[in-house]
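S.K.: predicted model and sequence follow; I will ask about them next.
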Amino acid sequence: MVDPPTTSILGHITELIAHIGHIYCDGVTRTMDRGRKAMPVQNKACMERHVQRCQERHQQKLRDMKCSIDNECPRAASHLKNKAKKNAILEDKCVQIEAENRILLEKMSHIMRTKGGIDCTNDSVNYSHPLSRERRKRELQRITKANQKILERIESARPTYNHKKWEEEAKRNNDILQNICEFKPQPVRRNDRSDEDSMFGYMDFYQSTKEHTGK
């Protein structure tokens, strides 16, 4: 049995690469294209342009495609559009609500014209202030002063870690990561913050601490 020539094998490989290029997708399915990028080609830039043209032609065919089945909504019957029973129920409910509101308004106006049936005045004896009032006041002042001293000691303490050095190392590592990656990592956005703040969340913490302490 004779082996096929080398040119035939190369032709099959070329057809396979072109077929893979036709299923190239951008956006959500971009990670599915990593298998094609791993295949060796003579010129990566030319291959990318070829795949892009094939994808554009495919999308244009999808946009120009016309449906062969009538998928429009069927015509609605007249008795379903009017819904007389539903309108009658809604009208009865509105009448009932208006009657209840009128009764409530009459009751409120009667209460405003008269004193009402309940006497809410308090004629009980007014006792003097508790004896422990001054003691509790002094205790609260003592606790407040102690908390103020603790806060001053915390604000005057110097940081142990050099957060500026951490920021520089993180930026340098991020630059190296961006250079060696073919598929650039997408940082996670939180509360409409920038990409850098999302990747280095601890920077906000140290910045707020520095502004609070004034150092």
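M.R.: Perfect, thanks for sending it. Residues are numbered from 1 along each chain as shown.
S.K.: burial of Lys137, as a residue count?
M.R.: 10 (other CB atoms under 10 Å). Using the backbone N, CA and C atoms, a C-beta is placed for each residue, glycine as well.
S.K.: in which helix or strand would I find it?
M.R.: helix 133-156 (DSSP states H and E).
S.K.: again with Pro40
M.R.: Per DSSP H and E, there is no helix or strand for Pro40.
S.K.: ok, Ile143 to Glu155 distance?
M.R.: From Ile143 over to Glu155 the distance is 19 Å, taken as CB to CB, to the nearest Å.
S.K.: my error: substitute Lys85 in the last question.
M.R.: 72 Å.
S.K.: who has more neighbours, those two?
M.R.: Between Lys85 and Glu155, Glu155 has the larger neighbour count (other CB under 10 Å), namely 12 against 9.
S.K.: by contact count, what packs against the longest helix along the chain?
M.R.: Counting residues, the longest helix found in the chain (DSSP state H) is helix 84-113. On a contact count with 3 or more CB pairs under 8 Å, 6 or more residues apart in numbering; DSSP states H and E, helix 84-113 meets no helix or strand.
S.K.: circling back: tell me the mean pLDDT for whatever helix or strand comes next after the helix holding Lys137?
M.R.: Using DSSP H and E, the next helix or strand after helix 133-156 towards the C-terminus is helix 163-180. Mean pLDDT, computed over helix 163-180, is 89.
S.K.: how about stretch 36-47?
M.R.: Rounded mean pLDDT across stretch 36-47 is 79.
S.K.: start and end of it, how far apart?
M.R.: Terminal residues of stretch 36-47 are spaced 10 Å apart (CA to CA, to the nearest Å).
S.K.: buried sites along that stretch?
M.R.: Arg36, Met47 (16 or more other CB atoms under 10 Å).
S.K.: quick one: buried residues of the one helix or strand Leu62 maps to?
M.R.: Using DSSP H and E, Leu62 sits within helix 44-64. Buried residues in helix 44-64, counting neighbours by 16+ other CB under 10 Å, are found at Met47, His50, Val51, Cys54, Gln55.
S.K.: give me the next element, helix or strand, following that helix.
M.R.: Following helix 44-64 in sequence, per DSSP H and E, is helix 78-82.
S.K.: so which elements touch that following helix?
M.R.: By 3+ CB pairs under 8 Å, 6+ apart, helix 78-82 packs against no helix or strand.
S.K.: keeping just the C-alphas, turn that helix into CSV.
M.R.: Taking Å, rounded to 0.1, in the frame of the first residue of the first chain, the C-alpha atoms of helix 78-82 are listed here in CSV:
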residue,chain,number,x,y,z
SER,A,78,-61.6,40.5,20.2
HIS,A,79,-63.1,39.0,23.4
LEU,A,80,-59.6,38.6,24.8
LYS,A,81,-58.7,42.2,24.0
ASN,A,82,-61.7,43.7,25.8
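S.K.: now do it, average pLDDT.
M.R.: 76.
S.K.: buried set for it?
M.R.: Buried residues in helix 78-82, defined by neighbour count with 16+ other CB under 10 Å: none.
S.K.: try stretch 169-189
M.R.: So stretch 169-189, judged by 16+ other CB under 10 Å, has buried residues Asn174.
S.K.: output that stretch as CSV - backbone C-alpha positions only.
M.R.: Output in CSV follows, covering the C-alpha atoms of stretch 169-189 (Å, rounded to 0.1, in the frame of the first residue of the first chain):
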residue,chain,number,x,y,z
GLU,A,169,6.2,45.3,43.7
ALA,A,170,2.5,44.7,42.8
LYS,A,171,2.7,47.0,39.8
ARG,A,172,5.9,45.4,38.6
ASN,A,173,4.5,41.9,38.9
ASN,A,174,1.4,43.1,37.0
ASP,A,175,3.5,44.5,34.2
ILE,A,176,5.4,41.3,33.9
LEU,A,177,2.1,39.3,33.8
GLN,A,178,0.7,41.6,31.1
ASN,A,179,3.8,41.0,29.0
ILE,A,180,4.0,37.2,29.2
CYS,A,181,0.2,36.6,28.7
GLU,A,182,-1.2,36.2,25.2
PHE,A,183,-4.8,36.3,26.6
LYS,A,184,-4.7,39.4,28.9
PRO,A,185,-6.4,38.8,32.3
GLN,A,186,-9.4,40.9,32.9
PRO,A,187,-9.5,42.5,36.4
VAL,A,188,-12.7,42.2,38.4
ARG,A,189,-14.7,45.5,38.7
